[in-house]
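Enquirer: need a structure here:
(2 chains)
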Amino acid sequence: METLREAARRLEQGETTSAALVDAALSAIEEREAELHSFLTLLPEVRAAAETADASRPAEAGALYGIPYAAKDNLVTEGVRTTAASRILEGYLPPYSATAIERLEARGALLLGKTNLDEFAMGSSTEYSAYGPSRNPVDPSRVPGGSSGGSAVAVAAGFCHYALGSETGGSVRQPAAFCGCVGLKPSYGRVSRYGLIAFASSLDQIGTLTRDVRDAGVVLGAIAGRDPRDQTSVDAPVADYLAEIERGARGLRFGVPAEYLAQGVAPAVRDEVLRAADLLEAQGLTRRDVSLPHTPYALDAYYIIAPAEASSNLARFDGMRYGPRDEAQDLLEAYRRSRGQGFGPEVKRRILLGTYVLSAGYYDTYYLRAQKLRTLLRAEFSAAFDEVDVLLTPTTPTTAFPFGANTDDPLAMYMADALTIPANLAGLCAISVPGRPAGGLPVGLQLMASPMREDILLRAAAALEEAVR
Amino acid sequence: MEFETVIGLEVHIELGTRTKMFCSCRNEFGAPPNTHICPVCLGLPGALPVPNAAALEAAIRMALGLGCRIAERSKFDRKNYFYPDLPKGYQISQLDEPIGAHGQVELPAGGAVRVARVQLEEDAGKLQHEAGTAVVDFNRAGVPLLEIVSEPDLRSAQDARAYWEEIRRIALYLGVTDARMEEGSVRADANISVRPVGSDVLNPRVEIKNMNSFRFLERALAYEAQRQAEIYRQGGQVAQETRGWDDPRGATYPQRSKEEAQDYRYFPEPDLRPFAIDAGRVQQLRAGLPQLPAARRAQLLVLGVADEQVRLIAESQARGAYFDAATAAGADPLEAAKWITGELARLENEGQFDFEAPKALPAELAQLLRQIAEGALTQASGKQVLAVLAAEGGTVLRTAERLGLVRLDDRDAVRAEVQAVLQQEQKAVEDLRAGKEKAMSFLVGQVMRRTRGRVAPDLARTMIEEEVGR
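Expert: Predicted coordinates for the structure are as follows:
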């Protein structure tokens, strides 16, 4: 499938127009969207916007100008319905756009639509969307992964060249792995969270879904950088990632931590990671041994910290200022109705969990200990990155699972994120690159690098992409 | 059994910054409802807070003014609870690393109260009940708020009031707030318990929340101290609870029991990084602090100014500054204190003078006092001149001349005025001859009236006696 860069080149050379790109997207959507359900909202005005873009195309248009993209529906868009796949935001029209959306718009990118997700990004399959699940374009009987499932489907099915997603524990990398595209989670603080509907503030980060590693570099370059509206965004220089990638990866050191190949990882997935390791060595990268013994505890810490923050972040959805509100006799009933009817079961489960772990007498036992574990994990990664530049692991323990396989077993569902969560807890940058499919289903290879070292990560990822192809 | 009262106060002060605590909306009271709002202070999905540096500085200055140690490292925390006026479902506040701690406030009547902590947080919106429904104005949501928590050092309702007033005074001296009580920009919660005198047990305490009047606070605490003592005298047990104050009834009433108390589920605010407070900047701010009320009072007491006048001058920074300027211009400190707390304070109360922007300049007060001391103006004329200066400005000399208030020193002229009065007031003259001393005061008064105060009362008295021939 055509990359973003190829589309930009064709536009640049007058071989195509924005209107033609949009038409192609719309006819692809026409063909398969009813089956795949990747979008919650499509913007009909994008066709007119494309014509305007063609008419007023500047000389130095840039790599994103006039090319349609999709954004996960937990990124607020001014005047465009934004639901976070929840009933509680039904009919909500944001009065402002997320910084990442603004930055793409400033470069002339065309928003095609808002993509499906698990409600408030809580899930790994889009099965928790209040508006119905998306389907995996490789095998529609299977989930596309989540929570940024709609974005991964849109990119993998050829609806758009790239899409924005968001991560809290793997929500970009995991669906990328399931659908066979590239999913980049930038370091915490690399991309402004302003306008990203918060799930767990200390973990959330906007990421990209693209058709190859270089495209991820292009999109990241456009959305990265300090934003005065997000105090947790980091003022670190944003590299020219394409130029970095062209430097090649020869001489970079990598490690394959055994903890990421342990229990629960499907043999086919493990084999593909080991094959990839050999191929990287053949590409001139140096392999070193690394160990990350605290890895098994990451999931536990995550399922304390993320629900704790979520229970607080989702308190604002009270039906008072926006969202549906029923008649009620008193205040308590008003809250019960709005939140009782507005939130789905998984969101409620996490709010309950989070409320519990923060409550008086339990804070030290749960939240504080989880934070200590998080500090340990960070230190462990930091030590590992003294030895190697990147870590190679599977993105997910298995390939895409069938619908309903995990919906009755929350713990099994949570396991789908076991290998991606550590990067979120430690604020690392990480990427999932498609490996060789297993049993006809995509396999994701994960690379992780130190915080703010997307340059190194993308160099290694491009080498990996080339090696496994 | 004798009981003593143990009170701790949490005082909330809205900071008078230009913008709100975590967004750039204007911080302004009295604007039409919901006109100073944005995604951040409305808690819209996706919005994030950005701390207001000016509010942080104001908080540090206030903490310094309260004698606090300033934290080297601080952070914000979330206090979670549901209420329609709280847009995010949590208040950004500070739990265990407040801006300032370990301060102390001296009360005007003596004694000191320890300040446990000074923390920075955001105000909520304002919920108003209207005809069976409720509406919220979010203009106030996100206004920077300082919470100043005392140790339980207060031993009476009067002390609690005096402490609160002193906190407000310090904030006004520092200019960190306009502290308008009627706008609710200064509020207080009180914790009160009683125990037998001499005991150091800590009995269950009652919290009285959201007081916005000094008088209500004093009355509520006085009532509550009595109520609790009475319960113990009867052998009962005071319940730990939150009570409200019903001013018309003059009684507190139960609002929320201990069992219904909220669990605020505090945790560090993940949207804001912990921050360091630069010690050098704190030094600069400390050096830039103005003289505070306690120091002002000490200065005046050393000069021998009477207690009541000390209190009145220290009431506002402007009065103190006026006093300084007048004495610098040569005014006698005791006379200046007398006139500032007498005539000028009276004129200010009547809305005819403003110490903040005085039309009667301090140097003119000094001149006025000099004229009186030298006998060029009588006290009575001085008051008239001052009233005109307060209203219009100008100089003492020109005003006195224009009003014809320069003292009558010509003895013949004074005698003529006295004779004219005696001519008219035959009855009083007879009374005086009959030994009624009241008649003398009356006649002196008539002379003053006839001359509009331009005659020194002693001179008038002497001449009346000479004329009547006593």
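Enquirer: How about whichever residue of the stretch 1-150 of chain B sits closest to chain A: what's its closest non-neighbour residue?
Expert: Relative to chain A, the nearest point of the stretch 1-150 of chain B is B:G89 (2.4 Å; Cβ to the nearest Cβ). The way it works is simple: take the backbone N, C-alpha and C, and place the C-beta from them, glycine included. Excluding its sequence neighbours, the residue lying closest to B:G89 (Cβ to Cβ, 6 or more residues apart in numbering or on different chains) is A:A315, at 2.4 Å.
Enquirer: List the contacts of the one you found.
Expert: Contact analysis of A:A315 by Cβ atoms under 8 Å, 6 or more residues apart in numbering or on different chains lists B:N80, B:F82, B:K88, B:G89, B:Y90.
Enquirer: which residues touch the fourth one?
Expert: For B:G89, the contacting residues are A:S312, A:L314, A:A315, A:R316, A:D318, B:G43, B:N80, B:Y81, B:F82, by Cβ under 8 Å, 6+ apart.
Enquirer: ok, 6 Å please
Expert: When contacts are counted by Cβ atoms under 6 Å, 6 or more residues apart in numbering or on different chains, B:G89 touches A:A315, A:R316, B:F82.
Enquirer: Same question for the last one.
Expert: Residues touching B:Y90, when contacts are defined by Cβ under 6 Å, 6+ apart, comprise A:S312, A:A315, B:R78, B:K79, B:N80.
Enquirer: domain parsing for chain A?
Expert: Structural domains assigned to chain A are A:1-291+A:387-469, A:299-365, following automatic domain parsing.
Enquirer: Any chance of CSV for the ones you listed, columns mean pLDDT?
Expert: Formatted as CSV, those follow (pLDDT from 0 to 100):
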stretch, mean pLDDT
domain A:1-291+A:387-469, 96
domain A:299-365, 94
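Enquirer: Make a markdown table from the ones you listed and add distance to B:S156 to it.
Expert: As requested, these are exported to a markdown table (distance: least, Cβ to Cβ, whole Å):
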| stretch | distance to B:S156 |
| --- | --- |
| domain A:1-291+A:387-469 | 44 |
| domain A:299-365 | 33 |
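Enquirer: mind checking which of these is nearest B:V118?
Expert: Among those, the nearest to B:V118 by Cβ to Cβ is domain A:1-291+A:387-469 (22.1 Å).
Enquirer: next one: the closest one to chain centre, how far?
Expert: From the chain centre to the centre of domain A:1-291+A:387-469 is a distance of 5 Å (Cα atoms, centre = their mean, to the nearest Å).
Enquirer: What segments of the stretch 201-350 of chain B are helices?
Expert: Here the stretch 201-350 of chain B has its helices, by DSSP state H, counting those that start in this stretch, at B:214-233, B:279-287, B:293-302, B:307-314, B:317-328, B:333-339, B:345-349.
Enquirer: Touching the third one from outside, list them.
Expert: It stands for helix B:293-302. For helix B:293-302, using Cβ under 6 Å, 6+ apart, the contacting residues are B:E106, B:R169, B:V310, B:I313, B:A314, B:G320.
Enquirer: Give me every residue in the stretch 301-450 of chain A lying close to chain B.
Expert: Residues of the stretch 301-450 of chain A lying near chain B by Cβ under 6 Å from any Cβ of the partner chain: A:E309, A:S312, A:A315, A:R316, A:M320, A:Y335, A:L358, A:S359, A:A360.
Enquirer: can you tell me how far the nearest residue to the first one once chain neighbours are set aside sits from A:A370?
Expert: Take A:E309 and drop its neighbours on the chain: the residue closest to it by Cβ to Cβ, 6+ apart is A:A200, 4.0 Å away. Distance of A:A200 to A:A370, computed by Cβ to Cβ, to the nearest Å: 12 Å.
Enquirer: try A:A216
Expert: Taking Cβ to Cβ as the criterion, A:A216 is separated from A:A370 by 30 Å.
Enquirer: For the two, indicate the residue with more neighbours.
Expert: A:A216 (31 against 20; other Cβ atoms under 10 Å in any protein chain shown).
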